[in-house]
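Colleague: My questions are about this predicted structure, shown below with the sequence.
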Amino acid sequence: MSQKAIDVFRACIPLFHALSDPARQDIIILLAENDALSVNEIAQQSNLSRPAISHHLKVMRDNDLVLIEQKGTQRFYTLSIEQGVEQLKKLIQIVESECIL
């Protein structure tokens, strides 16, 4: 396997970590079904506490999976998975070209 393939795999580790948690998966699905939601709105549709939701959103924000828009005193979160999808596409391409015999 080439160094490029290894680098692509390694670059995906934080994204895999962010996507591996069921709570974050639920938040992604919820945001995909809505334009923008506040932490309180997400918490109302979850069995997690507001601080737990905030933690998950921070992990997602750190991995470019959500964007924040400030409106007054509230922050609204929207899904922003394009960069992550592109990263996964790169990984699939390199796996197909270098790992499938």
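Modeller: Arrived safely.

Colleague: For the residue most central in space within the chain, which residues are in contact?
Modeller: Of all residues in the chain, the one closest to the mean position by CA atoms, centre = their mean is Leu65, 3.6 Å from it. Taking CB atoms under 8 Å, 6 or more residues apart in numbering, we find Leu65 in contact with Ala18, Leu19, Arg24, Ile28, Leu79, Ser80, Ile81, Gly84. All C-beta atoms are positioned from the backbone trio N, CA, C, and that covers glycine.

Colleague: Just the ones in strands from these, please.
Modeller: Leu79 (DSSP state E).

Colleague: Now which of the contacts of Leu65 would you call buried?
Modeller: Buried members of the contacts of Leu65, counted by 16 or more other CB atoms under 10 Å: Ala18, Leu19, Arg24, Ile28, Leu79, Ile81, Gly84.

Colleague: For the chain, give me the ranges with low pLDDT.
Modeller: Scanning the chain for pLDDT under 70 picks out the ranges 101.

Colleague: now the helices: where do they sit in it?
Modeller: Ranges of helices in the chain, per DSSP state H, are 3-20, 22-32, 39-44, 50-62, 82-98.

Colleague: Distance to Thr73 for the ones you listed - can I get that in TSV?
Modeller: Below are the helices of the chain laid out as TSV (distance: least, CB to CB, whole Å):
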stretch	distance to Thr73
helix 3-20	27
helix 22-32	21
helix 39-44	11
helix 50-62	15
helix 82-98	28
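
Colleague: Out of those, flag the one nearest Lys71.
Modeller: Lys71 lies closest to helix 39-44 among these, at 12.4 Å (CB to CB).

Colleague: Which parts of the closest one count as buried, going by neighbours?
Modeller: Within helix 39-44, the residues scored as buried using 16+ other CB under 10 Å are Val39, Glu41, Ile42, Ala43.

Colleague: I appreciate the help and will end here.
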